[in-house]
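# Just need the structure, nothing else, for what follows:
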Amino acid sequence: MQFIHLDSVGSTQDEARSLYKSGERGPVWVRADVQTQGRGRRDRTWVSCSGNLSATLLLPNSTDPSQSALHGFAASLAIVDTLVAYMPQRPVTLKWPNDALIGGAKISGLLIEREAKALLIGIGINLVSHPDNTPYPATHLLREMKAENLADAEPLFTGAEAVLALLSKHVMQRIGTLRNDGFEPIRKDWLAYAHHLGKTVTVNGLTGTFTDLAPDGALCLILPNGTETRVHAGDVAFG
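Predicted coordinates:
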């Protein structure tokens, strides 16, 4: 695995794409201390401050385009694996499709983009700070570690480089499972961390009970009239 570290970029996603266009196929991580134009799903701005993790994995890919989104579920589980290593007692959950939450507060985001022969898996994790004035609660790793007196526990938190090394190991393991064994084991593990599973959620103007994750990664929603609908894209609200 190759790791490229840059001080400041517009977007690690764009840097990884430039590598791809120059002939690089990966796997290679591009990490930056600061992103000035970081972005998340649906072209939202991702606030990226020094000390936090901002990285993109350029990964060779020959799977069908319909399978690309499933890599996001595998990568989100790798984020959970990494967070749990640092704070095993904190309540880590996953908001569909791939945001990691701690106690209901967002700590990470993930963006999957596809090129002809590669995937770009962008990951941002709040390590030492989190943005204020967000439309949702947010948190960061050191804050949660201190909440349980884990600042001196193993593994010691030494910064973004070490977090990425651990994350990379888990990402490759989870994607290996996806590619070798299919989506089902990933689906089952993801459901074990699903935020608000079995409870009322609202997505794309539809309110119902979040009951399952479909084999294609869609959110399964039971509406008040008893019918099931599947949502393939959108933002989930709780309540």
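
# now for the helix ranked longest in the chain, which elements pack on it?
Longest helix of the chain, by residue count under DSSP state H: helix 160-181. With contacts defined as 3 or more C-beta pairs under 8 Å, 6 or more residues apart in numbering; DSSP states H and E, the packing partners of helix 160-181 are strand 2-9, strand 28-35, strand 53-60, helix 68-86, strand 118-125, helix 184-192. Just so you know, the C-beta spots here come from the backbone N, C-alpha and C atoms, and that holds for glycine as well.

# and the first one, which residues are buried?
Right, the one you point to is strand 2-9. Residues of strand 2-9 classed as buried: 4, 9 (neighbour count, 16 or more other C-beta atoms under 10 Å).

# Next secondary structure after that strand?
Counting by DSSP states H and E, the next helix or strand C-terminal to strand 2-9 is helix 12-21.

# still on that earlier bit, Leu111: which of the helices and strands packed on helix 160-181 is closest?
Comparison of the helices and strands packed on helix 160-181 against Leu111 by C-beta to C-beta identifies strand 118-125 as nearest, at 4.0 Å.

# For the closest one, which strands pair with it and how are they oriented?
strand 53-60 (antiparallel), strand 108-115 (antiparallel) (DSSP bridges).

# residues making contact with the helix or strand of the chain with the lowest mean pLDDT?
Lowest on mean pLDDT, DSSP states H and E among the helices and strands of the chain sits strand 236-238, with a mean of 87. Strand 236-238 has contacts (C-beta atoms under 8 Å, 6 or more residues apart in numbering) with 95-96, 104, 195-196, 199-203, 210, 219.

# which of those residues count as buried?
Of the contacts of strand 236-238, these count as buried by 16+ other C-beta under 10 Å: 95-96, 195-196, 201-203, 210, 219.

# nearest spatial neighbour of Arg114, skipping sequence neighbours?
Counting by C-beta to C-beta, 6 or more residues apart in numbering, Arg114 lies nearest to Ser68, which is 4.9 Å off, once chain neighbours are set aside.

# residues in contact with that neighbour?
Counting by C-beta under 8 Å, 6+ apart, Ser68 makes contact with 61, 112, 114, 119.

# By neighbour count, which of those residues wins?
Using other C-beta atoms under 10 Å as the neighbour test, the contacts of Ser68 are led by Leu119, with 25 neighbours.
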